[in-house]
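Visitor: curious how this folds, go ahead:
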Amino acid sequence: MSLFNEKLKNIPLWELLLLFIGLFVIIFGLKFFHVSINPIWCYSIIIFYFILKFRDSFGEFKIDVFNIFSKVSFSDILILVLLNIFFSYGMLYFSNMILSFFDLKNSIIWPFISAMSLNIEIFGVTSFLSIVLISPIVEELIFRGVFLNKLKLFVPTVFAVLISSLLFASLHSFGSMFSAFIFAICMAILYLKSENILLPIFGHFLNNLIGESIFHLDYAQVLFNDGAVMEIMSVLAVVSFILILKFIHSNWNMFK
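Guide: Purely as a prediction, here's the structure:
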């Protein structure tokens, strides 16, 4: 049993919620005076909060670092991440098809669809490193480390996983919500399997690193303009979704 993980479970939810409220008040207060704040500062404040909470746990942290692949191998994590990336592209194609078929971008409900999320991917316009390094740390600590553990105290594990995953997905854009939900379930399984928050952080890091690298390398947007490439990616997305469902089903006993 990881002592670092036990301390993570004991973080008061009210402290974190109070921190979120404070950040939202500051952000909207500055917006009132037409002053914008870089989102990276908000994430940095949250990381600083966790550093303060774990300032006396460096020994336990080192143990978790050395044991990060003791329950799940690096190759298994990489395969799971690649499957989720293929599936996410399939969902992007599907969402774009829906938007085009129903012409939703020109409809009166588009403002409501586009406002459905806080769009945490806004970090992409700020810095490549923000998505790759900071986002996985903060999101895993919050959604798996705190929310999932706190929800397990009140509801069965399966509902705790689903609720925390829905919360995570709600921060993503319209085309990414469902794939983010599935990805969150996979990260929850990694966390429950290892009881080491560093494992889903690493998986999340790999996912964002590969995803962002593909996005920036595909400067000609071949993945969204070449019909043959899109067909291949769509087939890979379907196969990936089936394999992800098999992975979730094979680990379903952890939710009981």
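
Visitor: helices and strands around the stretch of helix or strand Asn149 belongs to, which ones?
Guide: Using DSSP states H and E, Asn149 sits within helix 149-151. Judged by 3 or more C-beta pairs under 8 Å, 6 or more residues apart in numbering; DSSP states H and E, helix 149-151 is in contact with helix 157-169. C-beta coordinates here come from the backbone N, C-alpha and C atoms, glycine included.

Visitor: what separates the helix holding Asn149 from the chain centre, distance-wise?
Guide: How far helix 149-151 lies from its chain's middle: 17 Å, per C-alpha atoms, centre = their mean, to the nearest Å.

Visitor: pLDDT below threshold where in this structure?
Guide: Within the chain, the ranges that satisfy pLDDT under 70 run 1, 37-38, 99-127, 174, 256.

Visitor: do you have the helices of the stretch 151-256 of the chain handy? List them.
Guide: 157-169, 177-194, 198-217, 222-225, 227-250 (DSSP state H, counting those that start in this stretch).

Visitor: of all those, which one is nearest Ile45?
Guide: Closest to Ile45 of those is helix 198-217 (C-beta to C-beta; 18.3 Å).

Visitor: list the buried residues of whatever helix or strand Leu18 lives in.
Guide: In this assignment (DSSP H and E), Leu18 forms part of helix 13-32. Across helix 13-32, burial judged by 16 or more other C-beta atoms under 10 Å covers 16, 23, 27.

Visitor: try stretch 209-224
Guide: Applying 16+ other C-beta under 10 Å to stretch 209-224 flags 209-212, 223 as buried.

Visitor: then stretch 181-201?
Guide: 181-192, 194-201.

Visitor: nearest spatial neighbour of Phe202, skipping sequence neighbours?
Guide: Distances taken as C-beta to C-beta, 6 or more residues apart in numbering put Ile68 closest to Phe202, at 6.3 Å, once the chain neighbours are dropped.

Visitor: how about the secondary structure of Ile11?
Guide: coil (DSSP: H, G, I helix; E, B strand; the rest coil).

Visitor: number of nearby residues for it?
Guide: When neighbours are defined as other C-beta atoms under 10 Å, Ile11 has 19 of them.

Visitor: is it true that it touches Val146?
Guide: Yes. If you go by C-beta atoms under 8 Å, Ile11 and Val146 touch, sitting 5.5 Å apart.

Visitor: list the buried residues in stretch 231-241.
Guide: For stretch 231-241, by 16+ other C-beta under 10 Å, it's 233, 236-237, 240-241.

Visitor: in TSV: the residues you listed, plus distance to Phe154.
Guide: Formatted as TSV, these follow (distance: C-beta to C-beta, whole Å):
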residue	distance to Phe154
Met233	40
Leu236	39
Ala237	35
Ser240	33
Phe241	31
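
Visitor: and which of those is nearest Asp76?
Guide: Nearest member of those to Asp76, counting by C-beta to C-beta, is Ser240, at 14.7 Å.

Visitor: I figured that closest one was touching Phe86, is that so?
Guide: Yes. Using C-beta under 8 Å, Ser240 is in contact with Phe86, at 4.0 Å.

Visitor: count of neighbours near Ile244?
Guide: Look at Ile244: counted by other C-beta under 10 Å, it has 20 neighbours.
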